[in-house]
Structure formats: C-alpha cells, structure tokens
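# Sequence first, predicted coordinates after that:
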Amino acid sequence: MSFFLLALPVFLSLVSADAQTVKVAAAPNAIYIEKTAAAQNLNFDFVVENTAKENLLLTEVEVSVFDDAGKLVVRKFIDGNGVRPSIETVPQREFEPNKPQMIFNPFYTFAPDIELKKLAYKFKFETKDGKQEFVSEMAVSPVVYQLKTDLILPVGGRSIIYDGHDFYAHHRRFDYVFEPIRAYGFTSNFMRYSYDFVPVNDSGEMFKGEEENNASYFGFGANLYAAGAGKIAAMVDKEPDNRKFDESLLPTNQMTLFGNYIVIDHGNGEFSLYGHIKQSSAKVKVGDSVKQNQVIAQIGASGSSKFPHLHYELQSSADARAEGLPSYFRNFRLVRGAKTQMRKFGQIDSGDIVEK
C-alpha cells in the first residue's frame with residue numbers, strides 16, 4: 001500500500017468473495033453505552049473466524065453510525081493509508097483458518113451528542129498475495145446501561161484508580177479467545193468494567209518504603225465497605241498476601257485469580273466482586289445480609305496482585321463466567337490537583353483520584 005495513497009492511488013486486482021468466508025461477531029451479546037461527563041464509551045469487541053483455507057490479513061475496519069431516523073451521523077475507519085497507517089493500531093492482523101481471534105474495538109468512544117442507534121461495521125481482509133479480498137459486514141444497536149443498585153465507593157479516604165477499564169486498561173484488554181487463556185476455562189470478560197483502587201497520600205503516592213513490603217502501602221489493611229446492600233454470595237479469605245496464585249487451579253476454579261475475595265449479590269442481577277482482600281480479614285460469611293457502607297473486609301495482596309489494592313467490579317453473576325457491567329457511584333469527590341469536585345452521581349476510570 002502506498003504511503004501517499006490519496007495523492008498516488010495504487011490499484012490492486014481484487015476479487016470479491018462471500019462475506020461468510022470471514023465471520024465477525026460482536027462480544028458480548030449485550031452491548032452497553034457507558035456515559036461519562038465527556039463521552040459515550042463502548043466496551044465491546046469482535047471475534048473473527050476465518051473459514052478460508054489460507055491465512056488472511058485485516059486491511060480495513062469501518063464504522064457508520066446511524067440515528068433513530070436511519071440517517072448517517074458519522075463514519076470512521078482505520079486502514080493502510082499513510083506512513084504509519086492506522087490499521088497498525090490493531091496488533092494482530094493475520095488470521096489463521098478456523099482459529100477464532102479477537103479484535104479490540106478500535107472505535108470505542110463517541111461525543112455525547114452523537115446518537116448511537118445503530119453502528120454498521122465493515123471489515124476487509126486480503127489474501128497474503130493481495131489478489132483476493134473478503135468483506136464481512138455486521139451491525140450492533142447498543143443501549144445505555146440502567147444501573148439497578150445504588151452504589152458508593154468501596155474504599156474510604158483518598159484513592160487513585162490505578163487501572164480502570166478504559167481502552168488501554170489491562171481489565172479491558174482481557175482476551176479470553178486467546179488459546180492459552182481459553183485453556184484455563186475463561187469464556188467472557190468479567191473484568192470489562194472493573195477498577196483497581198489504591199489508597200494514596202496527599203501527594204498521590206501509594207507507598208513509602210520498600211515496594212516489596214505490603215506494609216509499605218498506605219492501603220494495606222484499610223477497610224473495605226459494601227458498595228451496595230445485598231447478601232454475601234461467595235467468599236474466600238484464607239489465601240496468604242503473597243501476590244501469587246496457583247495457575248494450575250484455574251481450569252477448575254477461575255476465581256483463584258483473585259486470591260481472597262467477597263461477592264455481594266444485590267438481588268437484581270448485579271453482583272459486586274471484591275478481589276485480593278487481606279487474609280483472614282473478612283467480617284462476613286456466605287449468606288449474611290449486608291447494608292450499604294458496612295465494613296466487610298480489608299485491602300490485601302492475595303492472588304494475582306502486583307501490590308496491595310482492591311479489585312472491584314460489578315458483574316452479572318457470582319463467578320468468573322459473568323460479564324462485566326457498567327457501574328456508577330454516588331456522593332464522592334473527584335480530586336483535580338488542588339481542587340475537588342463533588343459528584344452526586346458519576347463514573348470513574350483509570351487515573352482518577354477520588355475521595356469518599
């Protein structure tokens with residue numbers, strides 16, 4: 001492809017093919033719009049299956065957004081045009097036959113005034129010799145998620161959202177189609193809308209002293225609160241705070257990832273999961289009813305934890321086969337340097353500093 005395609009077109013000899021040769025499906029099935037103060041975010045992805053007999057290369061992805069009247073609102077694309085083409089933002093662009101592969105949605109955010117009634121996608125693939133093109137088209141109709149549970153921040157004091165669920169967050173980029181991950185039994189992204197809360201001091205520092213020492217972290221042992229009322233659906237709190245977990249246990253128990261954890265069933269199809277809690281810190285047991293803001297445990301470093309923090313997420317069931325759900329919190333302060341903004345209701349994400 002030419003570096004200067006618009007100025008000097010390169011005409012390829014391409015042969016159209018049946019769109020079913022490459023199957024593209026949106027994942028998960030329920031696609032939600034997460035509203036923020038500045039944008040509308042779409043945290044869903046595409047699973048691609050190449051049914052051809054040879055490897056194919058992804059060359060272009062296009063989205064056309066339509067309003068309720070069926071009129072085009074905006075069109076965006078990534079392709080091979082330019083010196084550093086936008087298609088290169090998709091790292092894995094070669095698709096082997098009959099091997100499902102995930103594409104993280106490159107068009108993940110839109111302005112608040114854009115009506116997202118229908119999003120029509122077009123994917124273009126070529127054979128490696130460039131002689132044959134395959135086009136696959138599909139569409140989605142996302143809806144704004146209506147939160148059912150009244151939620152408050154699960155951590156007291158000041159915390160930074162060390163990693164949330166924006167496009168670049170590791171929670172967001174959990175590729176459960178990737179064969180090594182699929183072999184562990186993962187079938188969904190339960191972390192799709194999760195947060196890592198890390199308590200910080202006034203300077204934004206997470207610890208003082210040796211990083212390897214859990215006690216150096218301001219948050220280690222800090223209280224955790226029930227974000228919403230409900231009943232304890234699942235709990236483990238006997239794992240050590242050693243920042244490790246046994247990978248061999250994952251195929252039979254994917255929750256091993258969290259080390260010690262508590263799951264609150266809010267009674268409406270929404271569940272709050274607290275991961276990496278401190279060993280023997282649980283103040284509740286399975287079956288207990290809890291009130292909002294009740295102390296339930298302490299921040300720890302059990303399981304797959306880089307350092308002491310709380311992994312919190314809202315999800316659709318009590319286990320790792322759940323799908324993540326958007327969450328919004330009530331009555332918290334957003335710290336912006338020397339200023340704070342009171343939020344009666346709002347969304348938070350990676351890098352935000354918040355106070356309860």
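All right, it came through fine.

# which stretches of this protein form helices?
In the chain, the helices defined using DSSP state H lie at 179-182.

# Show me the domain layout of it.
Annotated domains of the chain cover 19-144, 158-355 [automatic domain parsing].

# which of these is buried the deepest?
domain 158-355 (a mean of 19; mean count of other C-beta atoms under 10 Å). Where C-beta positions appear, they are placed from N, C-alpha and C, glycine not excepted.

# Just checking the distance from it to the centre of its chain.
Relative to the centre of its chain, domain 158-355 is centred 13 Å away, using C-alpha atoms, centre = their mean, to the nearest Å.

# Make a markdown table from the domains of the chain and add distance to residue 151 and mean pLDDT to it.
Output for the domains of the chain, formatted as a markdown table (distance: least, C-beta to C-beta, whole Å; pLDDT from 0 to 100):
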| stretch | distance to residue 151 | mean pLDDT |
| --- | --- | --- |
| domain 19-144 | 14 | 96 |
| domain 158-355 | 5 | 97 |
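
# Dump these to JSON lines, plus distance to residue 152.
Formatted as JSON lines, these follow (distance: least, C-beta to C-beta, whole Å):
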{"stretch": "domain 19-144", "distance to residue 152": "18"}
{"stretch": "domain 158-355", "distance to residue 152": "6"}
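
# right, and those - which one's nearest residue 150?
Comparison of these against residue 150 by C-beta to C-beta identifies domain 158-355 as nearest, at 5.8 Å.

# partner residues bridging residue 295?
Following DSSP bridges, residue 295 is listed with bridge partners residue 225.

# ignore the last one, residue 22
Applying DSSP bridges, one finds that residue 22 bridges with residue 50.

# so how far is residue 86 from it?
Look at residue 22 and residue 86: by C-beta to C-beta, to the nearest Å, they are 20 Å apart.

# repeat for residue 99
In this view, residue 99 and residue 86 are 25 Å apart by C-beta to C-beta.

# ok, the closest residue to residue 292 other than its chain neighbours - contacts?
Distances taken as C-beta to C-beta, 6 or more residues apart in numbering place residue 229 nearest to residue 292, at 4.9 Å, with adjacent residues excluded. Contacts for residue 229 (C-beta atoms under 8 Å, 6 or more residues apart in numbering) come out as 150, 266, 289, 290, 291, 292.

# rerun that using 7 Å as the cut-off
Contact partners of residue 229, counting by C-beta atoms under 7 Å, 6 or more residues apart in numbering, are 290, 291, 292.

# List just the nearest of these to residue 160.
residue 292 (23.2 Å).

# partner residues bridging residue 313?
With DSSP bridges as the rule, residue 313 is bridged to residue 273.

# which ones are touching it?
190, 191, 193, 194, 273, 324 are the contacts of residue 313 under C-beta under 7 Å, 6+ apart.

# Apply 6 Å and report the result again.
191, 194, 273, 324 (C-beta atoms under 6 Å, 6 or more residues apart in numbering).

# Could you dump the residues you listed into a markdown table with distance to residue 109 added?
Output for the contacts of residue 313, formatted as a markdown table (distance: C-beta to C-beta, whole Å):
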| residue | distance to residue 109 |
| --- | --- |
| 191 | 19 |
| 194 | 18 |
| 273 | 25 |
| 324 | 17 |
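
# ok, of these, which one's closest to residue 35?
Proximity of the contacts of residue 313 to residue 35 (C-beta to C-beta) peaks at residue 324, which lies at 16.0 Å.

# Roughly how far does the nearest residue to residue 194 once chain neighbours are set aside sit from residue 112?
Leaving aside its sequence neighbours, residue 194 sits nearest to residue 313 (C-beta to C-beta, 6+ apart; 3.5 Å). Relative to residue 112, residue 313 is positioned 25 Å away (criterion: C-beta to C-beta).

# what's the answer for residue 295, then?
Distance from residue 295 to residue 112, by C-beta to C-beta: 37 Å.

# Strands of the stretch 151-300 of the chain, start to end?
158-163, 195-199, 223-225, 230-236, 261-265, 271-275, 289-290, 295-298 (DSSP state E, counting those that start in this stretch).

# Serialize those to a markdown table and add fields for distance to residue 34.
Below are the strands of the stretch 151-300 of the chain laid out as a markdown table (distance: least, C-beta to C-beta, whole Å):
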| stretch | distance to residue 34 |
| --- | --- |
| strand 158-163 | 14 |
| strand 195-199 | 13 |
| strand 223-225 | 23 |
| strand 230-236 | 22 |
| strand 261-265 | 21 |
| strand 271-275 | 17 |
| strand 289-290 | 26 |
| strand 295-298 | 26 |
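
# Residue 116 is nearest to which of these?
Among these, strand 195-199 sits nearest to residue 116 (C-beta to C-beta), with 23.9 Å.
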